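*Asks:* Fold the following and give me the result.
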Amino acid sequence: MFASVKARFQDTKTIALLCTQAEQSARAEGRVKPGSEHFVLAALQLPDDTARHAFRSLGIDANAFNKAIATQFADALAAVGVVVEPSAAAGNTSSTHVAPASTPYEAEPSGQALMQRIAASRNSRPTRCLMSADVLLASAQQEHSIASRAFASLGVSKQQLADAANQAIAGCRL
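*Replies:* Numbers count the residues shown, from 1 in each chain. Below you'll find the model as predicted:
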């Protein structure tokens, strides 16, 4: 029982850090609310190494994922007749300024769905703390998100992502 309480306490800290970093990532792109792609990027910054390990095993890194995200935005704009460079479509971090949040924390629908999947996964890991690879597992379950399309454009299937995340979790010594 103590292990379960300890895991829940640690999960609260991890989720707070994950949400803070996802919001910072979104704001750096000029977006007010983070989407699932920002939560994936935030997971790569969490102290445990499981998401980074999963990315390495898939042969990708944060830079490749960022470029794939930018390409998704550029492709969406091109579909409606607006042609831009991928870096411009995803937001120019050097000139984009977004005011600090003045309302309670809120994410884009894809970010909300991802966080709901993470919360639902709690029962499958009663004594294990939330790890960054759990964010990748939740992302692997999404059908129509920027993150899922970015992974697909990198040649990573949902099953490959889930397998890499599960292997990273299994190999973790926390």
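*Asks:* For this structure, which segments count as helices?
*Replies:* For the chain, the helices defined by DSSP state H cover 2-28, 36-43, 50-58, 62-79, 86-89, 109-120, 132-140, 146-153, 158-170.
*Asks:* and of those helices, who's closest to Pro126?
*Replies:* helix 2-28 (5.5 Å; Cβ to Cβ). C-beta coordinates here come from the backbone N, C-alpha and C atoms, glycine included.
*Asks:* Which strands or helices does that closest one pack on?
*Replies:* On a contact count with 3 or more Cβ pairs under 8 Å, 6 or more residues apart in numbering; DSSP states H and E, helix 2-28 meets helix 36-43, helix 109-120.
*Asks:* With mean neighbour count and mean pLDDT as extra columns, can I get these in a markdown table?
*Replies:* Formatted as a markdown table, the helices and strands packed on helix 2-28 follow (neighbours: other Cβ atoms under 10 Å; pLDDT from 0 to 100):
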| stretch | mean neighbour count | mean pLDDT |
| --- | --- | --- |
| helix 36-43 | 28 | 97 |
| helix 109-120 | 18 | 92 |
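*Asks:* Same list as before, those that is, but in a markdown table and with distance to Val156 included.
*Replies:* Shown next, in a markdown table, are the helices and strands packed on helix 2-28 (distance: least, Cβ to Cβ, whole Å):
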| stretch | distance to Val156 |
| --- | --- |
| helix 36-43 | 11 |
| helix 109-120 | 16 |
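*Asks:* closest one to Ala74 among those?
*Replies:* Per Cβ to Cβ, nearest to Ala74 of the helices and strands packed on helix 2-28: helix 36-43, 14.0 Å.
*Asks:* And the contacts of the closest one?
*Replies:* 17-26, 29, 31, 34, 51, 62, 65-66, 69, 107-108, 110-111, 113-115, 132-133, 135-136, 139, 142, 145-148, 150 (Cβ atoms under 8 Å, 6 or more residues apart in numbering).
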